[in-house]
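1. next comes the sequence, and after it the predicted model I'd like to discuss.
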Amino acid sequence: MPVTKILTAGIGEADLRDIKVYRERGGYKQWERAVRELTPNDVFEACDKSGLRGRGGAGFPTGRKWSFLPKDVLPRYLVCNCDEAEPGTFKDHMLLEETPHLVLEGILLGAYGIQCHHAFIYIRGEFKRGYEIFMKALDEARAAGLVGTNLFGKGYDLEVTVHRGAGAYICGEETGLLNSLEGKRGEPRLKPPFPAIAGLYGAPTVVNNVETLAYLVPILERGPQWFAAVGTERSKGYKIVSISGHVQKPGNYEVEVGTTIRELIEIGGGLLPGRKFMAVQPGGGSSAAIFEEHLDYPYDYESMAKAGSMMGSGAFTVFDDSTDFVKAAFNLIRFYTHESCGQCTPCREGGHWLERVLHRFVEGRGLRSDIEMIRRIGHTITGLNLCALGDSIEPFLLSVLNRFPDQFEARLLKETVQA
Amino acid sequence: MTDTFDFEALASKLKPKCDVLIARYERPRSALLPMMHLFQDEQGYVSQEAMQFAADRLDLTTAEVEATVSFYSLFFRKPVGKYMLQVCRGLMCELRGAEAILAYFREKLGVGHLETTGDGVFSYEEVECLAACNRATCMQVNLEFVYDLTPAMIDDMIAGMRAGSYPVKPMAQTAPPGRTWKVNADSEIGTGGKSPGTRTSSEPNNAGGVGDSSGIIMLDSFVTKDISFTGRSRERLVRDARGVAEIIEENGSRH
């Protein structure tokens, strides 16, 4: 299946940061049409019928997420999650910097769809350039009368506030993000209540990913059937896949959901010359690796779950036969240990403990009993935490430990002394 | 530390901007992060005075402000160098040769992770995935991205920064930086990451929240310390290591 260009259309060809260029290409037409001609419910219906699912990682149906908002409770908020930090994901970074008006139009449509009057975008602290680009885009849109009060003379008010993070992966978790937006430590909250009931400032809130909201623009333009016609049975539409690792042309590629793993590797330019395929991590640092037998699986939410992994945020990392999987696993464990907020004991201590054990292996001082222990610690972390960070610690490690036990056994402490 | 810096002047200069920020949100506290960015941009770090100012302005306790600020790794609570070099150590960069790049930086700068050079020009940190894996290996200089790093680029970059000709604006420097900008992070600095072998039981794990469980650390350091010291035979160390593993296993199986 070929690479398509919907959200990515025009990137690298035109300066989409300029509102004039964006509007010449049909930009903000859907926003104007929504406010002038459509009811909020029309926008909701389009979103719901398209089968669009959250592109930030969890894959929750967007329409259903919106539908959880209690009726007629105001104020309510839309928050666009641009705290992209999942290892291997770099699509929101690109959208924010290259096509900020599309990101903004998606936010506006989402806000209208849930009938809120104040929307936020939470931008990762490291994306300083993206923040500046988006601020300029927002100013342009405000000057053009696309954001503000009494829009298009229809009496609808909408303000958008840009909030910049300051370096914390956990703020990508929606309740951690809301705490951070409230000026607190970005620690995830106990759920329920979910944000739809009690989110920002205790009010009903929807948190959607950048890519999810951006897809509202083409969905409104071409109709929900257009989006729903593509993809697999329960995973519809298109997805930007961030292909990285051992491929010749790493990059963001927009494809139909359901493109196979093999095709995606080809789209990424194929393996480096003379190298052999070993594994793919199909959904970011949090996902388990999948292997040769999964090469013909379609890349969608269900198939990835069937393969024992997940589609996640669309980070697609390829590993060839030069990979040291012990080090790779250590790297990710170190990441999760570093980014654990520390609220839940299994995540804080378990990750920390695993990091130490793995470090022994990296240095060639692993113990045979560690291997069993890794399996046991892994299972005592998952499912016991406030958020999914703890559950993200062990999938990759366990998948590569089970698949390549020889790489781990080669790092055992050499027992040269006879007992 | 800020004897020579006129904080009052900065505070009166930034006060109107802070008021604008506060007005953007339904609740004032939401302006805390943007305010701290503002002060850090001007002062080069988030000073005690800045945190006190925010606490007063937002009607928070200083403890609330410090607890929040300390959660975020991009807020530097002590002065840093003119160029903050944050080089990606994430897995996707590692697959494309980050280890060699990190080693090259450490060698060229003569400092390790979370350290500032003696001349106060460079601060160096090995950071997590920067979301630019298509152009690995990557880094940020004062939050501006630099992609597809090579040793030659690093040479040019460092020379340019020393000469003052590098195209990225230097950080504001209103006080001389120390060896590190981390508070209570001696266990981390200079190790090229949170290397588990270098911590001792008295040091916190800096993972936020509660400190580390010292029991585990004691056991762990027992096993992982370099086994070159004298007084014990290698045979006994291996036996001890197995014994420790059994203790850990027993503890683990109680779950």
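-> Structure received.

2. please name the nearest non-neighbouring residue to A:Glu292.
-> Once its chain neighbours are removed from consideration, A:Glu292 has its nearest residue in A:Phe277; the separation is 6.5 Å (C-beta to C-beta, 6 or more residues apart in numbering or on different chains). No exception for glycine: its C-beta is placed from N, CA and C like everyone else's.

3. ok, now which ones touch the one you found?
-> If you count contacts by C-beta atoms under 8 Å, 6 or more residues apart in numbering or on different chains, A:Phe277 has them with A:265, A:271, A:292, A:295, A:318, A:320-321.

4. pick out the most distant pair among the residues you listed.
-> Maximum pairwise distance in these, criterion C-beta to C-beta, is 15.1 Å, between A:Leu295 and A:Asp321.

5. ok, of the contacts of A:Phe277, which come out buried?
-> Of all these considered here, the ones buried according to neighbour count by 16 or more other C-beta atoms under 10 Å in any protein chain shown are A:265, A:271, A:318, A:320.

6. any idea how far the residue nearest to A:Glu292 lies from A:Ala85?
-> A:Phe277 sits 27 Å away from A:Ala85 when distances are taken as C-beta to C-beta, to the nearest Å.

7. same check, this time on A:Ile6
-> Relative to A:Ala85, and taking C-beta to C-beta, A:Ile6 is found at 24 Å.

8. one more: A:Gly366?
-> Per C-beta to C-beta, A:Gly366 is found 30 Å from A:Ala85.

9. what residues does the stretch 51-200 of chain B put near chain A?
-> The stretch 51-200 of chain B has residues B:58, B:67-68, B:71-75, B:89-92, B:94-96, B:128-136, B:140, B:143-145, B:193-197 near chain A, with proximity defined as C-beta under 8 Å from any C-beta of the partner chain.

10. interface residues of the stretch 201-350 of chain A facing chain B?
-> Taking C-beta under 8 Å from any C-beta as the measure of proximity, the stretch 201-350 of chain A contacts chain B at A:201, A:242-246, A:250-252, A:285, A:315, A:317, A:319, A:323, A:327-328, A:331-332, A:334-335, A:337-343, A:348-349.

11. in strands only, show me the residues you listed.
-> Per DSSP state E, strands hold the following members of those: A:242-245, A:251-252, A:315, A:317, A:319.

12. which pair in these spans the largest distance?
-> Checked with C-beta to C-beta, these reach their widest spread between A:Asn252 and A:Phe319, with 19.3 Å between them.

13. of all residues in chain A, which one is nearest the centre?
-> The C-alpha lying nearest the average C-alpha coordinate of chain A belongs to A:Gly56 (C-alpha atoms, centre = their mean; 2.8 Å).

14. burial measure for the closest residue in space to it that isn't next to it in sequence, as a count.
-> Nearest in space to A:Gly56, with sequence neighbours left out and distances taken as C-beta to C-beta, 6+ apart, is A:Asn209 at 3.2 Å. A count of nearby residues for A:Asn209, using other C-beta atoms under 10 Å in any protein chain shown, gives 25.

15. equivalent analysis for the one 5 residues further on, please.
-> Using other C-beta under 10 Å as the criterion, A:Ala214 is surrounded by 28 other residues.

16. Three-state assignment for residue 160, please.
-> Chain wasn't specified; assuming chain A. In the three-state summary, A:Val160 is assigned as strand, counting by DSSP: H, G, I helix; E, B strand; the rest coil.

17. hang on, it packs against A:Leu104?
-> Yes: here A:Val160 reaches A:Leu104: they are 7.0 Å apart, a contact under C-beta atoms under 8 Å.

18. run the chain-centre distance for stretch A:137-156.
-> For stretch A:137-156, the distance from its own C-alpha centre to the chain's C-alpha centre is 29 Å (C-alpha atoms, centre = their mean, to the nearest Å).

19. all strands for the chain, in order.
-> Using chain A. Residue ranges of the strands in chain A, as given by DSSP E, are A:77-82, A:118-123, A:148-151, A:156-164, A:205-209, A:238-245, A:251-256, A:277-281, A:315-320.

20. chain B was what I was after
-> Going by DSSP E, chain B shows strands at B:83-88, B:115-116, B:122-127, B:139-141, B:144-146.

21. in chain A, where's the longest helix?
-> What stands out as the longest helix in chain A, according to DSSP state H, is helix A:345-362.

22. which elements pack onto it?
-> Contact analysis of helix A:345-362 by 3 or more C-beta pairs under 8 Å, 6 or more residues apart in numbering or on different chains; DSSP states H and E lists helix A:325-339, helix A:368-381, helix B:214-224 as its packing neighbours.

23. could you export these as CSV, including mean pLDDT?
-> As requested, these are exported to CSV (pLDDT from 0 to 100):
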stretch, mean pLDDT
helix A:325-339, 97
helix A:368-381, 87
helix B:214-224, 42
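
24. poorly predicted segments of the chain, please.
-> You didn't say which chain, so I picked chain A. A:1, A:415-419 (pLDDT under 70).

25. please go with chain B instead
-> Under the criterion pLDDT under 70, the flagged ranges of chain B are B:1-3, B:185-255.

26. mind running it again at 50?
-> Across chain B, residues meeting the criterion (pLDDT under 50) sit at B:1-2, B:191-234, B:252-255.

27. so stretch B:21-40, near chain A or not?
-> Yes: for stretch B:21-40, a contact with chain A is found by C-beta under 8 Å from any C-beta, at B:24-27, B:29-34, B:36-37.

28. show the buried residues in the residues you listed.
-> B:25, B:29-34, B:36-37.

29. A:Ile377 is in contact with A:Glu355, isn't it?
-> No: with the criterion set as C-beta under 8 Å, A:Ile377 and A:Glu355 do not qualify as a contacting pair; they are 10.8 Å apart.

30. check contacts around B:Met36.
-> When contacts are counted by C-beta under 8 Å, 6+ apart, B:Met36 is found next to A:166, B:46, B:50-51, B:54, B:69, B:75.

31. same check, this time on A:Tyr201
-> Under the criterion of C-beta under 8 Å, 6+ apart, the neighbours of A:Tyr201 are A:75, A:77, A:182, B:26-27.

32. so can I have TSV of these showing distance to A:Leu108?
-> Below are those laid out as TSV (distance: C-beta to C-beta, whole Å):
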residue	distance to A:Leu108
A:Pro75	17
A:Tyr77	14
A:Glu182	23
B:Glu26	19
B:Arg27	23
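
33. for the residues you listed, which one is nearest A:Thr62?
-> Using C-beta to C-beta as the measure, the one of the contacts of A:Tyr201 that approaches A:Thr62 most closely is A:Tyr77, at 15.9 Å.

34. okay, now the closest one: neighbour count?
-> Neighbours of A:Tyr77 under the rule other C-beta under 10 Å: 24.

35. over to B:Val141?
-> Other residues near B:Val141 come to 21 when the count uses other C-beta under 10 Å.

36. measure it to A:Cys47 for me?
-> As defined by C-beta to C-beta, B:Val141 lies at a distance of 40 Å from A:Cys47.

37. just B:Ala54 next, same as before
-> Taking C-beta to C-beta as the measure, B:Ala54 and A:Cys47 are separated by 39 Å.

38. comparing those two, which shows the higher neighbour count?
-> Relative neighbour count places A:Cys47 above the other of B:Ala54 and A:Cys47, with 30 against 27, counting by other C-beta under 10 Å.

39. most proximal residue of chain A with respect to chain B?
-> Proximity of chain A to chain B (C-beta to the nearest C-beta) peaks at A:Gly342, 2.7 Å away.
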